[in-house]
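Undergrad: Starting from these lines, generate the structure:
(3 chains)
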Amino acid sequence: MTFIVKTTRREEFADITSRVADAVREAGLEKGLCLVFVPHTTAGVTVNEGANLDVATDILAALDRMAPRDFPFRHAEGNSPAHVKASLMGSSVTLSVAEGRLVLGAWQGVFLCEFDGPRARKVLVSLIPERL
Amino acid sequence: MTFIVKTTRREEFADITSRVADAVREAGLEKGLCLVFVPHTTAGVTVNEGANLDVATDILAALDRMAPRDFPFRHAEGNSPAHVKASLMGSSVTLSVAEGRLVLGAWQGVFLCEFDGPRARKVLVSLIPERL
Amino acid sequence: MTFIVKTTRREEFADITSRVADAVREAGLEKGLCLVFVPHTTAGVTVNEGANLDVATDILAALDRMAPRDFPFRHAEGNSPAHVKASLMGSSVTLSVAEGRLVLGAWQGVFLCEFDGPRARKVLVSLIPERL
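TA: Numbers count the residues shown, from 1 in each chain, chains lettered A, B, ... in the order given. Reported below is the predicted structural model:
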C-alpha cells in the first residue's frame, strides 16, 4: 500500500512509524518482512531515535556539513545536496514483523527524510509473509 | 540470478536498472521483493536520479570529499576510501515488484557504485514472491 | 531469532558473520532472504571487508571525521555522532541465502557497528523462504 506525507520544510525528518505500523495491522500480517520504500531521489528513509526530536535535527545538521550547499556541484537544479543525502540515508528500510507487529527497538522510529521540500511525498509499504 | 558489470573508470555509477528489470521479467515474478546485492567490499549499490548523469557525478564528488584519498588511513592497499564509500552507499538495495514490474519512482534508477575500478563486478538479484 | 553481542569499546565493528550464518543453518533455510536488524539507535550494521581489520578501523576513522564529537550538536546526551553514524550505516542489511548458505563475496563479512559502547547489543535475524 501507499500513503502520502506532506512535508512542511525544505529539510525535515517526518516520523512515519505509526503509519507503517497501521499498514502492517491492516494487512493482517502475522510474521514476515516489511519494506518501506520512497520513490523519490531527493528524499530517503531511515530508522533512528523517535523520542527526542533533537536527534533528527542533529542528523540533518551533520548531513548538511557532509554535503554543503556551497559545494561546487555540477547538477544545475541546485538540489545536488539533496540527492547526496538521499543516497546516504537510502531509499528504503526493511523491517521485521512478528506477532502481527512491526519489530522496533524501544527508541526506534521510522522517518521519511525530506531533503528538498516542502513537497507531498509517497511512501510504499510492501509486506512479505514468512509462511502462507 | 547473477550478471556482470564491467566498469571502465576508477569511480563511476553504472546504471543497472534495465538489467534488474530484465531479471524480474525473466523470472515471471508478479508481486514480491527484489534484492540487488553486490558481493564486493569496494563497490556498492544505490537508488538515485537516473535521467541526469550530473547527479551521479555530484554524489561521487561529495563522497570523495567525505572520504578523501589523502586521509591518513591505516589499510595498506590504498583503497580505504573505496571501503568507506561502499558502506555509506550499502551493499544492497531492496525493491518492490508489483504487476510483474520493478516499482521505481519516475526519476529513480538503480546504480552499481564502483569505487575501486575498473573491474568486472558481480550483481546478484534475488526474488521473493509475496504469494506462491 | 535473536543473539546478543557484547561490545568492549566505545566504537568498534564486531564481526557477526558466523553467528548470522549459524542462524541460517539452524533454521534449515535452503533459499530465501536473511534480514539482519539492530534494534538500537546508536549502533548499525554493515557489510564490508572481513579479512583485514584495518578496514574497519579506517571506516570508523572516516565516520568520525564526518560526524565529529566537537560539532555543535543539540541533543544533550552527547552521543549525537553515534546517531548520525547509525543512520549512515543503516539499522539493517538484507542478504541472500542459497543452497542453505548465506551468500557473501569472498572478502565480505557482516558487522555490528557499535558507536556508543561498550554495551550489550541485540541482533535480530529474520529469514524468509523463497519457496515453502
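Undergrad: Return the set of buried residues in the longest strand along chain A.
TA: Counting residues, the longest strand in chain A under DSSP state E turns out to be strand A:120-129. Neighbour counts using 16 or more other CB atoms under 10 Å in any protein chain shown place A:121, A:122, A:123, A:124, A:125, A:126, A:127, A:128, A:129 of strand A:120-129 among the buried residues. All C-beta spots, glycine's among them, are computed from the backbone N, C-alpha and C.
Undergrad: ok, and which of these reach chain B?
TA: A:122, A:124, A:126, A:127, A:128, A:129 (CB under 8 Å from any CB of the partner chain).
Undergrad: which of those residues are close to chain C?
TA: Among those, the residues that sit close to chain C (CB under 8 Å from any CB) are residue A:128.
Undergrad: re the thing from before, what's the most distant pair in the buried residues of strand A:120-129?
TA: Maximum pairwise distance in the buried residues of strand A:120-129, criterion CB to CB, is 27.0 Å, between A:121 and A:129.
Undergrad: in what helix or strand does the one residue sitting closest to the centre of chain A lie?
TA: Centroid-nearest residue in chain A, with CA atoms, centre = their mean: residue A:45, separated by 2.1 Å. If you go by DSSP states H and E, residue A:45 is part of strand A:43-49.
Undergrad: Could you export the buried residues of strand A:120-129 as TSV, including pLDDT and distance to residue C:40?
TA: Rendered in TSV, the data for the buried residues of strand A:120-129 read as follows (pLDDT from 0 to 100; distance: CB to CB, whole Å):
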residue	pLDDT	distance to residue C:40
A:121	98	26
A:122	98	29
A:123	98	23
A:124	98	26
A:125	98	23
A:126	97	24
A:127	96	24
A:128	94	24
A:129	92	26
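Undergrad: of all the residues you listed, which comes closest to chain C?
TA: residue A:128 (5.9 Å; CB to the nearest CB).
Undergrad: I'd say residue A:32 and residue A:103 touch.
TA: No: using CB atoms under 8 Å, residue A:32 makes no contact with residue A:103, being 10.7 Å away.
Undergrad: the more surrounded of those two?
TA: Taking neighbours as other CB atoms under 10 Å in any protein chain shown, residue A:32 and residue A:103 compare with residue A:32 leading, 22 against 18.
Undergrad: Quick check: the gap between that one and residue C:32.
TA: The span separating residue A:32 from residue C:32 equals 11 Å under the rule CB to CB, to the nearest Å.
Undergrad: Look up the residues that both of the two are in contact with.
TA: Residues within reach of residue A:32 and of residue C:32 at once, by CB atoms under 8 Å, 6 or more residues apart in numbering or on different chains, are residue C:128.
Undergrad: dump the residue contacts of the closest residue to chain C within chain A.
TA: Of all residues in chain A, residue A:105 sits closest to chain C, at 3.0 Å by CB to the nearest CB. Residue A:105 is in contact with C:38, C:39, C:40, C:41, C:122, counting by CB under 8 Å, 6+ apart.
Undergrad: Pull up the residues of chain A that are close to chain B.
TA: Within chain A, the residues that sit near chain B (CB under 8 Å from any CB) are A:33, A:35, A:37-41, A:66-67, A:71, A:73-76, A:80-81, A:83-84, A:86-88, A:90-92, A:94, A:122, A:124, A:126-129, A:132.
Undergrad: and those, which of them are in strands?
TA: Among the residues of chain A next to chain B, the ones falling in strands (DSSP E) are A:33, A:35, A:37, A:92, A:94, A:122, A:124, A:126, A:127, A:128, A:129.
Undergrad: What residues are bridge-paired with the last one?
TA: For residue A:129, the beta-bridge partners are residue A:32 (DSSP bridges).
Undergrad: thought it was touching residue A:32?
TA: Yes: at 4.3 Å, residue A:129 counts as touching residue A:32 under the criterion of CB under 8 Å.
Undergrad: returning to that earlier point: overlap in contacts, residue A:32 and residue A:103.
TA: Common contact partners of residue A:32 and residue A:103 (CB under 8 Å, 6+ apart): A:96, A:97.
Undergrad: can I get the CA coordinates of the helix ranked longest in chain A in PDB?
TA: In chain A, taking DSSP state H as the definition, the longest helix is helix A:53-66. Taking Å, rounded to 0.1, in the frame of the first residue of the first chain, the C-alpha atoms of helix A:53-66 are listed here in PDB:
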ATOM      1  CA  LEU A  53      13.400  15.400  18.200                       C
ATOM      2  CA  ASP A  54      16.900  16.900  18.700                       C
ATOM      3  CA  VAL A  55      18.400  13.800  17.200                       C
ATOM      4  CA  ALA A  56      16.800  14.300  13.800                       C
ATOM      5  CA  THR A  57      17.900  17.900  13.900                       C
ATOM      6  CA  ASP A  58      21.400  16.800  14.600                       C
ATOM      7  CA  ILE A  59      21.400  14.200  11.800                       C
ATOM      8  CA  LEU A  60      20.200  16.900   9.400                       C
ATOM      9  CA  ALA A  61      22.900  19.300  10.600                       C
ATOM     10  CA  ALA A  62      25.600  16.600  10.200                       C
ATOM     11  CA  LEU A  63      24.400  15.700   6.700                       C
ATOM     12  CA  ASP A  64      24.500  19.400   5.800                       C
ATOM     13  CA  ARG A  65      28.100  19.600   6.800                       C
ATOM     14  CA  MET A  66      28.900  16.500   4.700                       C
END
